[in-house]
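Engineer: next come a sequence and a model predicted from it.
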Amino acid sequence: MASILAKIQKQREKYSLKELKTLGNQLLSSRAHINNLPLLLSFVSLSSSPRHALESIISLQSFFIPVLPELPSSSSPKSLLNVGEEEKDPELVYRIWLRSKFDEFVKSLITVAVSQESDEALREVALDAVMEFVKLGKGGRFQSAIYHRLLHTIVHSTSSMDFLLDLIVSKFVKYIDVCYFTYISVEKIAKSLEVTNICDNGNVVIQEDGKFISRESNIEISIHKIHYLLAHISPLHKQDGDHDRETWSESGFSSKDNELKGALQVKDRQTKSNKLKKDVSSLSNIAKRMKLKFTKAWLSFLRLPLPLDVYKEVLISLHQAVIPHMSNPVMLCDFLTRSYDIGGVISVMALSSLFILMTQYGLEYPNFYEKLYALLVPSTFMAKHRAKFFQLLDSCLKSPLLPAYLAAAFAKKLSRLSLSVPPSGTLVIIALIHNLLRRHPSINFLVHWQTDDDTNRDPSREGTEFGENAKESGVPEVPSRKPGIDLFNSEESDPAKCNAMRSSLWEIDTLRHHYCPPVSRFVASLENDLTVRAKTTEVAVKDFSSGSYATIFKAEIGRRMKQVPLAFYKSTPTSLFSESDFVGWTFNAKENERKGTEHDDENGAVDISKEDDLKPTKRQRIDCC
């Protein structure tokens, strides 16, 4: 094999660029020079120089484009084997031979376009040639077989195809038929990758180009490429701007899709009204079929073992870029519920799409609020996509049919988190609790919980029902709750068992003295009577959901202060601490100095006066300065 390649290489070196151009002109001029075809075809390879390969591609492309309608299908050579020698038509044999050379040429073009060793200009020319054959391969109809072979080679390549994918997206994805057959090819490729992953478990090591590469890494690279294609194809909308969307091929679609064939073109013979009717029906038909292919492609892609980075990107854009354009978005329920059950950041990202399916498409999720309650952890308040999560959390807790125990559980869990999250998260918590207390008046008792000692105990009855005589009178003794004990269980994952209804929002009261001024100011809004809905309004959570240390600092330095923060005293202080701050202590330096000279003994001990001895609970401090 090596000797044959060396011989071919020596043969190629004999031809200069000018001679190669002459061979191409001879091939285009007469069938008598048809033997130049295999010679030119040998230059379309990775071993040839870019200039020789480019010249050969141009000549061969110019030769095959006029004869493409006359070439038989790829299956004709197999049927020709069963025909006798005397029955074979020489012209048919010639066309079948041309077909085999055309297939070889397309294969070489795809190899050159995909290879990283090729020059970028040459790769672009090869891609354009392939897409030109896709356009004219079936007498003006879209040649889906060639296009699928191109995408299959790109996706299964072990190297990065960013340059080639960018070219496809920028030059061809704008055509509706290219988008349509891209969805079909992506569905087929994704299914083949799924079968490969199931059979080989993603760990088989294969040898490719002399290098050992794990199949798992191959699948991840392929998944990245499929996601790039799907993410950059804009779905077909029913908008005015989409009426002029063009097709790459002349008739738009292959013969297998007769319903779509010619849907974007209206015959000139029809009247204006008929044109309008056909245009509307054609657009409706296209939108329906595109949605179907779009849905199948995405569902096949989501069944693959997505890498973590792709998984996150899909969840971020799923509710905006995928769900509105699917034929039946409820089919995503399995993927989204599995993602929501994972927990952590993945669940936060899946909440947006799951919320849309529940509110707009009637999806039922029995354990939705239990999972949502479990997402309330300190790390959520520092996640990258926390803003959307807090807005959805506020929307999920808006229903007046929410049970009181569930509203109380969320309010108490948020209240407890306010002690451990950053100030920006505390502001969001205050806003959420404000809205909860206003929407659900039944949990307003959490704001001021009165113990049994304050409400039920009557001093005049002390010693009777609540004392030793309670048993004699037959009145059951009311157990009093010990002050200072919070029965709320913050470790409980079930909101029905966390004892939130037996607790209070004492954590919010501690925020009155928070070190961050915006927190201490904002918490004062909870002092209003939120049960009076006519005098109160809900807080917009989106105004606080994107907060951080930077936004708080920026807002603080922009505030106008009526008084300088350092002016704590109306008059100049004479001491660091006042006597009222430390009862029983004195900071009079002169008095201490006098007492020190009168009562110091040889050990330097201080004798406390008799007047101070009368106050055993107070001690006198003597400054040493």
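Structural biologist: Looks like it came in fine.
Engineer: how about residues contacting stretch 109-125?
Structural biologist: When contacts are defined by C-beta atoms under 8 Å, 6 or more residues apart in numbering, stretch 109-125 is touched by residues 44-46, 50, 53-54, 57-58, 126-127, 129-130, 149-150, 153-154, 157, 159-161, 163-164, 167. Where you see a C-beta, it was placed from the backbone N, CA and C, and this is true even at glycine.
Engineer: where does the stretch 101-250 of the chain have low pLDDT?
Structural biologist: 138-139, 196-217, 236-245 (pLDDT under 70).
Engineer: and with 50 instead?
Structural biologist: Scanning the stretch 101-250 of the chain for pLDDT under 50 picks out the ranges 201-214, 238-244.
Engineer: any regions of the stretch 251-400 of the chain where pLDDT drops low?
Structural biologist: Low-confidence segments of the stretch 251-400 of the chain, defined by pLDDT under 50: 254-273, 275-280.
Engineer: and if we set it to 90?
Structural biologist: When residues are selected by pLDDT under 90, those of the stretch 251-400 of the chain lie in 251-291, 320-321, 327, 340-349, 351-352, 358-368, 371, 379-388, 398-400.
Engineer: ok, residue 151 - contacts?
Structural biologist: Counted by C-beta under 8 Å, 6+ apart, residue 151 has contacts 182, 185-186, 189, 229.
Engineer: of the contacts of stretch 109-125, which belong to helices?
Structural biologist: Judged by DSSP state H, helices contain the following of those: 50, 53-54, 57-58, 126-127, 129-130, 149-150, 153-154, 163-164, 167.
Engineer: quick check: domain ranges of the protein?
Structural biologist: Following automatic domain parsing, one finds the domains of the chain at 1-137, 160-300, 306-356, 366-457+481-557, 569-625.
Engineer: looking at those domains, which is closest to residue 143?
Structural biologist: Closest to residue 143 of the domains of the chain, according to C-beta to C-beta: domain 1-137, at 2.7 Å.
Engineer: ramachandran angles for residue 141?
Structural biologist: phi -90, psi 160 (degrees, to the nearest 10).
Engineer: please tell me how far it sits from residue 548.
Structural biologist: 56 Å (C-beta to C-beta, to the nearest Å).
Engineer: show me which of those two is the more surrounded one.
Structural biologist: Shown here are residue 141 and residue 548; by other C-beta atoms under 10 Å, residue 141 has more neighbours (20 against 14).
Engineer: residue 340: which of the ones in helices among the contacts of stretch 109-125 is nearest?
Structural biologist: residue 154 (33.3 Å).
Engineer: could you count how many residues lie near the closest one?
Structural biologist: 21.
Engineer: and for residue 178?
Structural biologist: 21.
Engineer: surely it and residue 246 touch.
Structural biologist: No - Residue 178 lies out of contact with residue 246 (C-beta atoms under 8 Å); the separation is 10.0 Å.
Engineer: ok, the closest residue to residue 343 other than its chain neighbours to residue 507 distance?
Structural biologist: Nearest residue to residue 343, sequence neighbours excluded (C-beta to C-beta, 6 or more residues apart in numbering): residue 374, at 6.8 Å. Using C-beta to C-beta, residue 374 is found at 20 Å from residue 507.
Engineer: one more: residue 321?
Structural biologist: Distance from residue 321 to residue 507, counting by C-beta to C-beta: 40 Å.
Engineer: try residue 125
Structural biologist: 68 Å.
Engineer: before we move on, the earlier item: possible to save the contacts of residue 151 as CSV with secondary structure and distance to residue 173?
Structural biologist: Below are the contacts of residue 151 laid out as CSV (DSSP: H, G, I helix; E, B strand; the rest coil; distance: C-beta to C-beta, whole Å):
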residue, secondary structure, distance to residue 173
182, helix, 7
185, helix, 13
186, helix, 12
189, helix, 16
229, helix, 8
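Engineer: most neighbours of all those residues, which one?
Structural biologist: residue 186 leads the contacts of residue 151 on contacts (other C-beta under 10 Å) with 26 neighbours.
Engineer: helix or strand: which one has the nearest residue to that residue once chain neighbours are set aside?
Structural biologist: Among residues not flanking residue 186 along the chain, residue 297 sits closest, at 4.5 Å (C-beta to C-beta, 6+ apart). Using DSSP states H and E, residue 297 sits within helix 272-302.
Engineer: low-confidence ranges, the stretch 501-625 of the chain, go.
Structural biologist: Using pLDDT under 90, the flagged stretches of the stretch 501-625 of the chain are 509, 512-518, 520-521, 523-625.
Engineer: where exactly do the helices run in it?
Structural biologist: Ranges of helices in the stretch 501-625 of the chain, per DSSP state H, counting those that start in this stretch, are 506-510, 517-522, 549-557, 589-599, 610-613.
Engineer: put the alpha carbons of stretch 367-376 into PDB.
Structural biologist: In PDB, the C-alpha atoms belonging to stretch 367-376 read as follows (Å, rounded to 0.1, in the frame of the first residue of the first chain):
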ATOM      1  CA  ASN A 367     -44.000  16.500  44.900                       C
ATOM      2  CA  PHE A 368     -43.200  19.800  43.400                       C
ATOM      3  CA  TYR A 369     -43.300  21.900  46.600                       C
ATOM      4  CA  GLU A 370     -41.400  19.300  48.500                       C
ATOM      5  CA  LYS A 371     -38.600  19.500  46.000                       C
ATOM      6  CA  LEU A 372     -38.800  23.300  45.900                       C
ATOM      7  CA  TYR A 373     -38.600  23.400  49.700                       C
ATOM      8  CA  ALA A 374     -35.400  21.300  49.500                       C
ATOM      9  CA  LEU A 375     -33.800  23.800  47.200                       C
ATOM     10  CA  LEU A 376     -33.700  26.500  49.900                       C
END
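Engineer: residue 145: which of the domains of the chain is closest?
Structural biologist: Taking those one by one with C-beta to C-beta, domain 1-137 is closest: 7.8 Å.
Engineer: quick one: contacts for the spatially closest residue to residue 143 that is not a sequence neighbour?
Structural biologist: Nearest-residue entry for residue 143: residue 137, 2.7 Å, with adjacent residues in sequence omitted and distances by C-beta to C-beta, 6+ apart. Going by C-beta under 8 Å, 6+ apart, residue 137 touches 68, 143, 145-146.
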